[in-house]
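K.L.:
I would like the atomic coordinates for the input below:
(chains A and B, ligands or ions: 3)
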Amino acid sequence: MTREDIIKPENLVYKRTPVLTDATMHYCPGCGHGVVHRIIAEVIEEMGIQDNVIGISPVGCSVLAYNYFDVDFVEAAHGRAPACASAIKRLRPETFVFSYQGDGDLASIGCGEVVHACNRGENITMIFINNGIYGMTGGQMAPTTLEGMETVTCPYGRDPKLMGHTMRLTEMLAQLPGTYYVTRQAVYTPAAARKCKKAIRQAFENQKLNKGVSFVEVTSNCNSGWKMTPVQANKWMEENTLKYFPLGDMKVDGKFDPKFIERVATFDQPNETIFSLRKK
Amino acid sequence: MAKQLVLMKGNQAIAEAAIRCGCDGYFGYPITPQSEVLEHLMAERPYLTTGMVVLQAESELASINMVYAGAAAGKRVMTSSSSPGFSLMQEGLSYIAGAELPALCVNVVRGGPGLGTIQPSQSDYFQTTKGGGHGDYRLITLAPASVQEMYDFVELGFDLAFKYRNPVAILSDGVIGQVMEKVMVDDYKPRWTNEYIEQNCPWAATGHRSTGKHRIVTSLELEALKQEAINDRIQAKYRKCEEEDARYEAIQCDDAEYIFVAYGSAARICMKSVELARAEGIKVGLIRPITLWPFPTKAVAEIGGRMKKILSVEMNAGQMIEDVKLAVGCKIPVEHYGRYGGVIPTPVEILDALKKMIK
Ligand SMILES: Cc1ncc(C[n+]2csc(CCOP(=O)(O)OP(=O)(O)O)c2C)c(N)n1
Ligand code: SF4
Ligand SMILES: [Mg+2]
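P.N.:
Ligands and ions are numbered 1, 2, ... in the order given. Here you go, the predicted structure:
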């Protein structure tokens, strides 16, 4: 059989979405960023909105996201993507607008902008990649870094007495009346990625309703920053991160998920070290 | 409805001009002495008439980044603030210049440093004309000396911003912002249509890839040689701007032996000092830079070069004087007279300073 015999429409099992460009992604092998990019691109393709969408990329490992999506893109200053997205959606209400941010970008330096964009109920989609670390700058502590977890700026493990607590910003945002859909997803297994795609599709579809922010946190890995292989990182995430950042919907159609209410009710209890964190 | 003569504050004139010249969006945060800009816009509600977006942002950081993104989407957008707020905007302004976007930002200056005072000052001259944020960039800076100019410079500012795809600043102060004067306002001009933007701003990320190729607005280029080429392009624009758009007004300079160089409200006060001095037989004139960057170097060199002495009058400790000295190549003695911290000099005080310089 020749190459030509094989490349036929009836043999096609998977095709890369044309919403992704041919550019080679610079992400480390095993990193969640690339998977989330593909999911967003597929959603844009399936919704047929490629010529009616503006993306906002952050400062962080995904700063170059604009090279990978074949849609119009604006690169924001560190942390300010929600302000950018707010302005663009108000000035161009005919477009679908999404921001894409890491946890240093969104939860640390850009904490103010994300809270206020959510509080204003901007009619936008926000994607939040929480990998518990600053990937781009070499693995420093983020607000989302787990207690006890080691990074280059907390080499003896994060001590909440000195460095503050692990921040569940998504849970905070869910409590603002301006958010309409808030969920936490992951992409570390095919099943999780499929669920995540459904959530991201929902978050884009919601823009048609004009009811406020649709916020999708994707709890992800940073195998380079965590100093693990991709397989180890996914396992570690499942065993540690997902205990503090459990997956699932927090708010759907503007209403709290009952499980979310139960969970928030435990937030005043001491946070026993639930993580089987690495010891040197 | 044609042109109309109205009485208003400088800050209101900024807001009114924005609505009438077809501005698409204003994003700002309250701070004295410029809050009337946002207040006037919220009272006028242009979103119900021209469709202009008005938003009270959560901070100046948010405001300037909203402006950045609005400009990136091809819209004519602006913000205003006063000194501490303008300091917060510096990173954003650098991004706007780096991404080569047009935008308008107004600074109604108050006395500093720090929280300083809410009284008028010109102490942000260095910040505005020398860059302010990081990187090799310039803000095209307009210095209004009347409420009419507050009004006129909004449209002029947008024109220059789009001509050079660079941020433009209106550097005003608490006097011009707060004083009420009569202003001739224009009829309402329509905002640009999305089709017009699509045709005329091919660089804008409008969301509609009409050409079939996605448009990226970024100020990032990691390769040094490419970043150098971007800088070359930006610098070439600045040279062109210096050549074509330096503006000034020369008042009674023809027979003068001395001149004041002053801008904004200091220039308004100097106009009176010129009158008083001439009544006493002192031949003094005034050069009023209208663009502070590009500084009207040629005019100051040419006119100033004929003088015995030059007095740079500023409501600061001596900032513009550096540009005046550079313009005349230090061939003519240049002195400074200034009050600062929110104090406004009187015409007589300036006349006394002139006499002291002369003798
Ligand atoms: C104003 C400013 N401060 C600091 C930086 C440096 N910086 C770049 S990316 C980054 C952290 C990004 O981390 P995160 O948002 O978690 O993204 P990740 O790389 O993990 O995806 C920092 C601190 C910057 N570019 N701008
Ligand atoms: S450093 Fe971390 S976040 Fe960045 S690409 Fe590599 S794995 Fe992904
Ligand atoms: Mg991160």
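K.L.:
And chain B, what are its domain boundaries?
P.N.:
If you go by automatic domain parsing, the domain ranges for chain B are B:4-194, B:249-358.
K.L.:
Need the winner for burial among these.
P.N.:
domain B:4-194 (a mean of 23; mean count of other CB atoms under 10 Å in any protein chain shown). Glycine gets a C-beta too; all of them are placed from N, C-alpha and C.
K.L.:
Now the terminal residues of that one, how far apart.
P.N.:
In domain B:4-194, first residue to last residue: 29 Å (CA to CA, to the nearest Å).
K.L.:
so how far is that domain off the chain centroid?
P.N.:
Distance, stretch centre to chain centre, for domain B:4-194: 8 Å (CA atoms, centre = their mean, to the nearest Å).
K.L.:
ok, now stretch A:211-231?
P.N.:
Worked out by CA atoms, centre = their mean, stretch A:211-231 lies 6 Å from the chain centre.
K.L.:
Quick one: mean pLDDT for that stretch?
P.N.:
Averaging pLDDT along stretch A:211-231 yields 97.
K.L.:
What of stretch B:126-134?
P.N.:
On average, stretch B:126-134 scores 95.
K.L.:
what do you get for stretch A:103-116?
P.N.:
pLDDT averaged over stretch A:103-116 gives 98.
K.L.:
ok, now which ones touch the closest residue to B:Gly304 other than its chain neighbours?
P.N.:
Using CB to CB, 6 or more residues apart in numbering or on different chains and skipping the chain neighbours, the partner closest in space to B:Gly304 is B:Val328 (4.6 Å). Applying CB atoms under 8 Å, 6 or more residues apart in numbering or on different chains to B:Val328 gives the contacts B:300-301, B:304-305, B:310, B:334.
K.L.:
would you list every one of the helices in chain A?
P.N.:
Using DSSP state H, the helices of chain A run over residues A:3-6, A:32-47, A:65-68, A:81-91, A:103, A:111-120, A:160-163, A:169-174, A:190-205, A:223-226, A:230-236, A:242-244, A:258-264.
K.L.:
Could you export the domains of chain B to JSON lines, including columns for distance to A:Ala65?
P.N.:
Shown next, in JSON lines, are those (distance: least, CB to CB, whole Å):
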{"stretch": "domain B:4-194", "distance to A:Ala65": "15"}
{"stretch": "domain B:249-358", "distance to A:Ala65": "35"}
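K.L.:
With respect to B:Arg239, which of these lies nearest?
P.N.:
domain B:249-358 (9.4 Å; CB to CB).
K.L.:
how far is the closest one from where the chain is centred?
P.N.:
Using CA atoms, centre = their mean, the offset of domain B:249-358 from its chain centre is 19 Å.
K.L.:
shaky segments in the chain?
P.N.:
Defaulting to chain A. Within chain A, the segments meeting pLDDT under 70 span A:271-280.
K.L.:
Chain B was what I was after
P.N.:
In chain B (pLDDT under 70), the answer is B:1, B:210-211.
K.L.:
Pick out the residue of it closest to ligand 2.
P.N.:
B:Leu222 (14.8 Å; CB to the nearest ligand atom).
K.L.:
ok, that residue - how many residues close by?
P.N.:
For B:Leu222, the count of nearby residues is 8 (other CB atoms under 10 Å in any protein chain shown).
K.L.:
looking at this, B:Thr79 is in a strand?
P.N.:
Yes - under DSSP: H, G, I helix; E, B strand; the rest coil, B:Thr79 sits within a strand.
K.L.:
who's in contact with the residue of the stretch 151-300 of chain B found nearest ligand 1?
P.N.:
The stretch 151-300 of chain B approaches ligand 1 most closely through B:Leu220 (9.6 Å), counting by CB to the nearest ligand atom. B:Leu220 is in contact with A:63-64, A:75, counting by CB under 8 Å, 6+ apart.
K.L.:
Sort out for me which of these are in strands.
P.N.:
A:Glu75 (DSSP state E).
K.L.:
Point out the residues in the stretch 1-150 of chain A that sit beside ligand 1.
P.N.:
Contact residues, the stretch 1-150 of chain A versus ligand 1 (CB under 6 Å from any ligand atom): A:59-62, A:78, A:102-105, A:129, A:131, A:133-137, A:142.
K.L.:
give the contact list for the residue of chain B closest to ligand 2.
P.N.:
Going by CB under 8 Å, 6+ apart, the list of residues near B:Leu222 is empty.
K.L.:
where does it fall, helix, sheet strand or coil?
P.N.:
From three-state DSSP, the assignment for B:Leu222 is coil.
K.L.:
Next: B:Pro30.
P.N.:
coil.
K.L.:
Kindly reformat the domains of chain B as JSON lines containing distance to ligand 2.
P.N.:
Listed next are these as JSON lines, based on distance: least, CB to the nearest ligand atom, whole Å:
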{"stretch": "domain B:4-194", "distance to ligand 2": "22"}
{"stretch": "domain B:249-358", "distance to ligand 2": "39"}
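K.L.:
Which of those sits closest to ligand 3?
P.N.:
Closest to ligand 3 of these is domain B:4-194 (CB to the ion; 20.0 Å).
K.L.:
my guess is B:Lys355 meets B:Leu276, correct?
P.N.:
No - when contacts are counted by CB atoms under 8 Å, B:Lys355 is not listed as touching B:Leu276 (10.5 Å).
K.L.:
on that earlier part again, looking at the domains of chain B, which is nearest to A:Ala87?
P.N.:
domain B:4-194 (3.6 Å).
K.L.:
do that closest one and chain A meet at all?
P.N.:
Yes - applying CB under 8 Å from any CB of the partner chain, one finds domain B:4-194 in contact with chain A at B:24-25, B:27, B:53, B:55, B:57-59, B:61-63, B:65-70, B:72-73, B:75, B:77, B:91-92, B:95, B:99, B:194.
K.L.:
which residues does A:Leu91 contact?
P.N.:
B:24-25, B:53, B:70, B:73, B:75, B:77.
K.L.:
Out of those, flag the one nearest to A:Ile261.
P.N.:
The closest of the contacts of A:Leu91, once distances to A:Ile261 are taken by CB to CB, is B:Val53, at 36.0 Å.
K.L.:
give me the beta-bridge partners of that closest one?
P.N.:
Applying DSSP bridges to B:Val53 gives these bridge partners: B:Gly25.
K.L.:
Hmm, B:Tyr47 and it touching each other?
P.N.:
Yes - in this structure B:Val53 lies within contact range of B:Tyr47 using CB under 8 Å: 6.2 Å.
K.L.:
burial count for A:Arg168?
P.N.:
Counted by other CB under 10 Å, the residues lying close to A:Arg168 total 22.
K.L.:
circling back to that earlier point, separation between the residue nearest to B:Gly304 and ligand 1?
P.N.:
For B:Val328, the distance to ligand 1 equals 40 Å [CB to the nearest ligand atom, to the nearest Å].
K.L.:
Same check on B:Thr141?
P.N.:
B:Thr141 is 24 Å from ligand 1, by CB to the nearest ligand atom.
K.L.:
where's the closest residue in space to that residue that isn't next to it in sequence relative to B:Ile321, distance?
P.N.:
Spatial nearest neighbour of B:Thr141, chain neighbours left out: B:Leu292 (4.2 Å); criterion: CB to CB, 6+ apart. Distance, B:Leu292 to B:Ile321, using CB to CB, to the nearest Å: 13 Å.
K.L.:
Alright, calling it a day.
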